[in-house]
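Colleague: output the structure for:
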Amino acid sequence: MFFSVIIPVYNRPEEIDELLESLTQQSYTHFEVLIIEDGSDNVCKEIANNYSSKLDIRYFYKGNSGQGFSRNFGFERAKGDYFVVFDSDCLIPSHYFETVNNYLKKHPIDAFGGPDRAHSSFSPVQKAISYAMTSPLTTGGIRGNKRHVGTFHPRSFNMGISREVYERTDGYHITRMGEDIEFSIRIIENGFTTALIEQAYVYHKRRTNLAEFFKQLHFFGRARINISRFYPEEIKFVHLIPSLFTIGLLFFISLPLWNIGLFKILLIPFLVLCALMFFHSLISTKNITIASLSVLTSFIQLTAYGIGFLQETWSQWWN
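Modeller: Have a look, this model is predicted:
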């Protein structure tokens, strides 16, 4: 089976270097790589050219159109039986394509996705962010595991589709603000089969500091409301949890100003939640620093998403 790897990039040449290096280590090598430079000022052409002797690689520069349409640009030029999409801030374990190829031989599905993990080289903050985005104690943990509720919706940081899926769906119809969610919904609505390949994980760097992580999750919250413009039924209760958590947290923080008694009562469950996050992360990461940071990143994951969700809801309601 031949795979086409589609990687859109915007002003991140260092990330591309690390990603391409990880692709040179693959045990299954029947794949090509298409780098789609989306109007960057800081281009990665020279870096891509450095891998021409190690990978079947093609580099394209185009005007800025966003990551969704940049992936379509790559799909149009891909030669593979399956198109695999990675974000530029991913590292790919050496067994990835061998794992996917073996799975597809036994289970000929139309589209797949895999989870994300923290690499040993990640900073403590990056590992804490990874915990927040995969923990069952946050809404980040609802995806990327075998207990995922309902039909699996692949996400574009680690996603594969068959050539037929692209030809029938025409790829991404929006380029930002939840483009991968919208695409996954249409894949399923067109009758294609999807699955999570649990061992086809990637090491996803996401953001390297807490401020950038807040911005990213705030954008994710807004994106969920944007998708509801096309698919109102896609707003589930689980998507409301961060907003309810945010409202509850603001209520709790304000209590000392007007009801200290109720604050003392609610302080206990608040501390229990923090302890659960801390010890769950400690068991997972075996690192007290990461566990401490994980409490903070989990709160950021919930509140940033919740604020973005509420903000975009308000904006849509008034417009």
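
Colleague: show me which helix runs longest in the chain.
Modeller: The residue-count maximum for a helix in the chain (DSSP state H) belongs to helix 288-318.

Colleague: now that helix: mean pLDDT?
Modeller: Taken as a whole, helix 288-318 has a mean pLDDT of 94.

Colleague: check contacts around the nearest residue in space to Ile57 that is not next to it in sequence.
Modeller: Leaving aside its chain neighbours, Ile57 sits nearest to Val33 (4.4 Å; criterion: CB to CB, 6 or more residues apart in numbering). Where C-beta positions appear, they are placed from N, C-alpha and C, glycine not excepted. Remark: with contacts taken as CB atoms under 8 Å, 6 or more residues apart in numbering, Val33 is in contact with 5, 7, 20, 23, 51, 55-58.

Colleague: check Gly171 too.
Modeller: Neighbour list for Gly171: 68, 71-72, 75, 183 [criterion: CB under 8 Å, 6+ apart].

Colleague: quick one, helices of the stretch 51-200 of the chain?
Modeller: Assigned by DSSP state H, counting those that start in this stretch, the helices in the stretch 51-200 of the chain fall at 67-77, 96-106, 124-134, 163-169, 179-189.

Colleague: a markdown table please, covering those and showing distance to Ala275 and mean pLDDT.
Modeller: Shown next, in a markdown table, are the helices of the stretch 51-200 of the chain (distance: least, CB to CB, whole Å; pLDDT from 0 to 100):
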| stretch | distance to Ala275 | mean pLDDT |
| --- | --- | --- |
| helix 67-77 | 38 | 96 |
| helix 96-106 | 36 | 97 |
| helix 124-134 | 15 | 94 |
| helix 163-169 | 45 | 97 |
| helix 179-189 | 33 | 94 |
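
Colleague: most packed of these?
Modeller: Greatest average neighbour count among those goes to helix 124-134 (a mean of 24), per mean count of other CB atoms under 10 Å.

Colleague: what's in contact with that one?
Modeller: 115-118, 122, 138, 140-141, 144-145, 204-210, 213, 281, 284-285, 287, 289-290, 293-294, 296-298, 300-301.

Colleague: quick check: Arg71 vs Ser292, distance?
Modeller: Distance check for Arg71 against Ser292: by CB to CB, to the nearest Å, it reads 37 Å.

Colleague: next, Tyr203: phi, psi?
Modeller: When read as degrees, to the nearest 10, the backbone of Tyr203 gives phi -90, psi 110.

Colleague: my read: it touches Pro93, true?
Modeller: Yes - counting by CB atoms under 8 Å, Pro93 is a contact partner of Tyr203 at 7.0 Å.

Colleague: more neighbours: which of the two?
Modeller: The neighbour comparison of Tyr203 against Pro93 (other CB atoms under 10 Å) goes to Tyr203, with 22 against 19.
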